[in-house]
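In: Sequence below, structure please.
(2 chains)
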Amino acid sequence: MTDFPWLTTIGAVPLVGSVLVAALPRRREMLAKQLAMAFSLVTLGLVVAMSLSFEATSRAQFQFAEVHEWIPQFGVSYALGVDGIALVLIALAAVLTPVCILASWHDADGGKRSVGIYFALLLMLETFMIGVFAATDVFLFYVFFEAMLVPMYFIIGSYGGPQRSYAAVKFLLYSLFGGLLMLVAVIGLFVVSDGGPQAFLFQNLLALDFSTNTERLLFVGFFVAFAIKAPLWPVHTWLPDAAAECPPGGAVLLVGVLDKVGTFGMIRLCLPLFPDASRWAAPVVITLSVIGIIYGALLAIGQTDIKRLIAYTSVSHFGFIALGVFAMTTQGQSGSSLYMVNHGFSTAALFLIAGFMISRRGSRLIADFGGVARVAPMLAGTFLVTGLSSLALPGLSSFVSEFLVLVGTFSRYQAAAVIGTAGIILASLYILLLYQRTMTGEPNEGTSRLRDLNSREAWVVAPLLAVIIALGFYPKPLLDVINPAVERTMQQIGQTDPAPVVPAAERSAK
Amino acid sequence: MSHLATLASPLAATAFTTPTIEYTQLMPMLIVLGVAVLGVLVEAFMARPMRHEVQLVLALGGLVAGFVSVVGLAGTVNVAAEGAVAIDGPTLFLQGTILLLAIPGLLLCAERQLDNGGPFASAGSSTPGSQHERTLTVMGVTQTEVFPLYMFAVGGMLLFPAANDLLTMFVALEVLSLPLYLLCGLARRRRLLSQEASLKYFLLGSFSSAFFLYGVALLYGFAGTVRLSGIAEAVSANPSADPLLLIGTGLVAVGLLFKVGAAPFHSWTPDVYQGAPTPVTAFMAACTKVAAFGALLRVFYVGLGGLAWDWHPMMWAVAILTMVVGSVIALTQTDIKRMLAYSSIAHAGFILTGLVATGARDATSGEVLGVSSVLFYLLAYGFSTIGAFGVVTLVRDAAGEATHLSAWAGLGRRSPLVAGVFALFLLGFAGIPLTSGFTAKFAVFSAAIAGGATPLAIVGVVMSAVAAFFYVRVIVVMFFSEPAPEGPSVAVPSVLTTVAIALGAAVTVMLGVLPSQVLDLAGQASQFVR
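Out: Below you'll find the model as predicted:
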């Protein structure tokens, strides 16, 4: 069974589904939806089956590895494989896609655009997301990294809100700019590599020694692309526009999974390939992350548009993730990896529930809501739970990861950790204020007839809430998978955790 | 006196040796030019109703036979025809490319379903707007003289990259240019614009030919020969840079850079591309570029390779300027054909970054990266560009092709397939992975970095981003805008245009997904015979 090409199969299933759904005649909308749902569920099933045979303690860095020659002239192979971090992110994508498809059941209805194409694009996006997490060849990673843009661009541009065209182009240009910088770095990496038909394999690149300057330049090329993708402050401005204009299902995949490619790229490519340059850049990245945490939170507090608010909370959370990655401690990186998953689920739930609410009221403005808890208690309740997860309430999933990140950062960058912690306080402000303004009080004219969640919507929210609560109480299964991968990364960058310092006063007292 | 004696001695020699001509090695050119001559005879002796079919079959047959004979010659390395023609890897690869590209180009030219009587004026001699013209139009007369003209142009293009001495190269330049000047002026619609394009192209083309010829004369003055290998020897024998050599190099470069459409010699491109009949634009954009880059490679690698340090700064400047001018000015264009013209200028700049990498060689195979990357890029770009112009011929309103960008609004809604294919070509031009454009850009930029021209590659990548903006803008217009109520419709073409566009799309995807074989071929074909 070990020879079975798990990853290729998992990537191919949604792609086949995408082609089939797109090829359906325009009138068969229901069939298109059911087919898309079926294909995404099959993919999820395959991912679950693969995860069961994943061995956390394995010595090989990448499991389920496949390596085939692709373009030997450029040193490019078709190489896939997963470590713990990649596995949990693939699982995240595989869970969120069917959830999004179910949540978007009626999003494309009634418009002039084809319904089938929307679902075909979602499935195509799933293929590329799985590909980018599974690629162990840097060139292949780049190909998926860029290819992801195309379906996302059309999802925003064709099915988005009133400003969709502007948002789609802004999204595409930011991403293309980053992608092209990364392309220069990829080409540069090829030129300084040993060449040969497998030059771009991650394992072969690890062995390279660069001159200081080369390494720093290459690092910057990759890092800027990832920082735009993640996005980190100050290159985050595309995210609120894109997320606000995107249909809710697309926004979930955009913020929940697509953006994780940025932080995943940092931990998978930037740190191991360019360890010295990463250490050189760490203070800058830490500073940017801390600014992002505070800045994103402050802007979230000031938003009047619900979707933009959620997008800004993500800017703040991505600050935490980058902070943990570049703190270069085991706890920090484990926390960040876990945070990627947790943030995926809690933001997905926030976006989807907010999306249900917005589609009922027909407005994205906070001021148009009020008293929703009276008329739609289930909607308000689930929204509160996910909101509390987003502000890292103990017992809900984000708490574990945020705590790990801050502890991991504190042992090396105390000031950054202290300021970052203030982000948690701001987080409770933006979430609770949002809840207070929209859900509590007397229902107004627009909200007094709001329907509560119907059964389809409840089915969308239920699995997400279940995951949020389960991982909040018992994150061990995920951490068991993530930790070996993080330890390996720490070895590759030649970094050890700083020894805990016992305060002098305590020592003398003994 | 001694001078006179040396001059007189060849004349005094009485015995005349017949030159040996390797006919088999010249076969591709002979076939194509022979078909062109046959085409003239068909025009003279065959009844009008029959001509179109006969000419089309003849020309297609000629191109296919030419391609077969190129394939048959694969691996040949020889200087043929008493040193006038070099048959080597780059020659054969480029000849094969030109012949392959000429086939879809020809199919576009032969399309008669889109416009009653085809894309060409019924008679070039009829005055635009005259009664004579109207009569011919009503009769639906088809212009068939374009076929022999087309084949003559292809013949010149085949010789251009193969020419091993500068005079042969000049002859090839004229053979390929003169039919093109005529073809540009033969559009059926908007004839004055077309004739203006033709005249502009002719005048500027003649200037550039004169520059080229003057440069050849100066190089002859320096080296005492027009043979490229002779010039190379003279260059290595005279390490100090002779003004004759430098000025001659510059002037020859002007002539060749004009043909590839590099800045600052690009100003003809937008007007000519816009005015010429779209099938001819497609043919020029693809095939002329291939031939001219082939000649440029041969002159600068074989003849002036020893002078690389002196011409590198010039080529750097031209490459950067070309990329910047092409990409930036394209941003402001509102006409699809003009936008594609500026995009072709930008692509000429990208190709030049590969050409500059003279020193880059693959350590194991000895492949000359500068040459192989340019060869691959030309093939990839050629097919995408023919396909893209093919799509342009389909979007029509009552006045003919609707080339204004605003007319394309909402095309994706009305004809998703056509808009989707055009989007594919645009993404290819923009260099998105899994399209041929990406592989090609990767090839030239990695050659440039390996050849020590990292700044060029960085400018290239930045300009790719700028270029992506205007390609994306067209996609936005096609897919995200509301269709105009009185907008143009997408005409249903005959099988000819369909095949041409499908071929372009297939190659664009194929060279993006599985480029390995063609890259290998280009790598093997990267050695010039000296």
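In: list the contacts for residue B:199?
Out: The contact partners of residue B:199, taken as C-beta atoms under 8 Å, 6 or more residues apart in numbering or on different chains, are residue B:185. All C-beta atoms are positioned from the backbone trio N, CA, C, and that covers glycine.
In: starting at the chain centroid, how far to the host helix or strand of it?
Out: Residue B:199 is part of helix B:191-223 when elements are defined by DSSP states H and E. How far helix B:191-223 lies from its chain's middle: 16 Å, per C-alpha atoms, centre = their mean, to the nearest Å.
In: What mean pLDDT does that helix get?
Out: For helix B:191-223, the mean per-residue pLDDT is 93.
In: which stretches of chain B have low pLDDT?
Out: In the prediction, chain B carries residues with pLDDT under 70 at positions B:1-14, B:359-360, B:362-366.
In: Near chain A, which residues of it? Just list them.
Out: Taking C-beta under 8 Å from any C-beta of the partner chain as the contact definition, chain B meets chain A at B:362-364, B:413, B:427, B:432-434, B:439, B:442-443, B:445-446, B:449-450, B:454, B:457-458, B:461-462, B:464-465, B:468-469, B:472-473, B:476, B:479-481, B:515-516, B:519-520, B:523.
In: at 6 Å instead, please
Out: Within chain B, the residues that sit near chain A (C-beta under 6 Å from any C-beta of the partner chain) are B:433, B:445-446, B:449-450, B:461, B:464-465, B:468, B:472, B:476, B:480, B:515-516, B:519.
In: Of those, which pair is most distant in space?
Out: Using C-beta to C-beta, the residues of chain B next to chain A reach their maximum pairwise distance at B:450 and B:480, which is 40.1 Å.
In: re earlier: of the residues of chain B next to chain A, closest to residue A:27?
Out: Lowest distance from residue A:27 to the residues of chain B next to chain A (C-beta to C-beta) belongs to residue B:480, with 23.5 Å.
In: ok, longest strand in chain A?
Out: As assigned by DSSP state E, the longest strand anywhere in chain A is strand A:63-71.
In: Pull out the buried positions in that strand.
Out: A:63-67, A:70-71 (16 or more other C-beta atoms under 10 Å in any protein chain shown).
In: Next one: the residue nearest to residue A:119 when sequence neighbours are not counted from residue A:237, what distance?
Out: With sequence-adjacent residues excluded and distances taken as C-beta to C-beta, 6 or more residues apart in numbering or on different chains, residue A:119 is closest to residue A:36, at 3.8 Å. According to C-beta to C-beta, to the nearest Å, residue A:36 and residue A:237 sit 32 Å apart.
In: Give me the more crowded residue out of those two.
Out: The residue with more neighbours, out of residue A:36 and residue A:237, is residue A:36; 30 against 13, by other C-beta atoms under 10 Å in any protein chain shown.
In: list the contacts for the more buried one?
Out: With C-beta atoms under 6 Å, 6 or more residues apart in numbering or on different chains as the criterion, the residues that contact residue A:36 are A:21, A:101, A:119, A:123.
In: Please repeat the previous calculation with a cut-off of 8 Å.
Out: Applying C-beta under 8 Å, 6+ apart, the residues contacting residue A:36 are A:17, A:21, A:101, A:119-120, A:122-123.
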